[in-house]
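Participant: no FASTA, just this:
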């Protein structure tokens with residue numbers, strides 16, 4: 001088992017999941033956000049937008065640019081992003097602070113529109129996404145990062161439903177990462193202080 005696979009002991013004396021050993025930014029994200037049950041609508045959209053931007057890249061790459069994405073995408077307000085037009089696409093393609101992938105930029109706009117439709121249908125995106133687990137956390141019991149899957153039946157189901165609703169860049173791997181991030185799935189290792 002490598003150091004990246006097992007929890008690490010940092011100077012503050014806390015065991016953490018090995019993947020967050022890259023930087024203080026990563027450690028703060030791990031400690032303060034990752035795996036904590038999320039119920040805020042704007043944060044739901046923020047995490048969904050960032051996860052779809054991450055597809056094919058490392059999460060660290062996106063996390064480092066998070067504030068740039070916040071500025072570029074109207075503070076992650078779904079109603080504002082849904083109203084973006086071609087001039088906004090052009091503006092974003094010229095924004096060196098984000099990953100300039102036109103397909104992902106256009107997908108963010110489409111996803112904002114679909115996000116609003118889910119809010120209308122379910123009363124909130126929170127009701128929708130937590131409804132897949134009966135509003136309960138899936139609390140996995142992993143000893144090592146090597147045990148954590150890239151996809152599950154749950155992520156397959158959610159990804160399939162989102163795609164059916166017209167969302168883009170929402171494959172099962174991306175959605176599993178999203179479910180972990182928003183705390184629907186708790187994949188902190190058993191030895192991690194956040195467990």
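Facilitator: Yep, that arrived. Predicted model only: the values in this text are computed from it and were never measured. Numbers count the residues shown, from 1 in each chain.
Participant: can you tell me which residues contact residue 71?
Facilitator: For residue 71, the contact set (C-beta atoms under 8 Å, 6 or more residues apart in numbering) comprises residue 97. For every residue, glycine as well, the C-beta is placed using N, CA and C.
Participant: burial count for residue 151?
Facilitator: Residues within reach of residue 151, counting by other C-beta atoms under 10 Å, total 15.
Participant: Test for you: state the pLDDT assigned to it.
Facilitator: On pLDDT, residue 151 comes in at 97.
Participant: cool, and residue 22?
Facilitator: pLDDT, residue 22: 81.
Participant: what's the helix or strand for the nearest residue in space to it that is not next to it in sequence?
Facilitator: Closest residue to residue 22 apart from its sequence neighbours, by C-beta to C-beta, 6 or more residues apart in numbering: residue 60 at 5.8 Å. Element membership for residue 60 (DSSP states H and E) is helix 59-64.
Participant: Which element is encountered next along the chain beyond that helix?
Facilitator: Helix 59-64 is succeeded, C-terminally, by helix 66-72 (DSSP H and E).
Participant: Contacts for the next helix or strand after that following helix, please.
Facilitator: Sequence-wise, the next helix or strand downstream of helix 66-72 (DSSP H and E) is helix 78-82. Identification of contacts with helix 78-82 by C-beta under 8 Å, 6+ apart yields 41-42, 45, 49, 73-74, 108-109, 112-113, 115-116, 119.
Participant: Show me how to select, in ChimeraX, the buried members of the residues you listed.
Facilitator: Buried members of the contacts of helix 78-82 can be picked out in ChimeraX with the line below, counting by 16 or more other C-beta atoms under 10 Å:
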select :45,49,73,74,108,109,112,113,115,116,119
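Participant: Give me the subset of the contacts of helix 78-82 that lies in helices.
Facilitator: Here DSSP state H is the test, and the contacts of helix 78-82 give 41-42, 45, 49, 108-109, 112-113, 115-116, 119 as lying in helices.
Participant: now, which of these sits nearest residue 193?
Facilitator: Nearest to residue 193 among those: residue 42, at 27.7 Å, using C-beta to C-beta.
Participant: on that earlier part again, and which of the contacts of helix 78-82 is nearest residue 84?
Facilitator: Closest approach to residue 84 among those (C-beta to C-beta): residue 109, at 4.8 Å.
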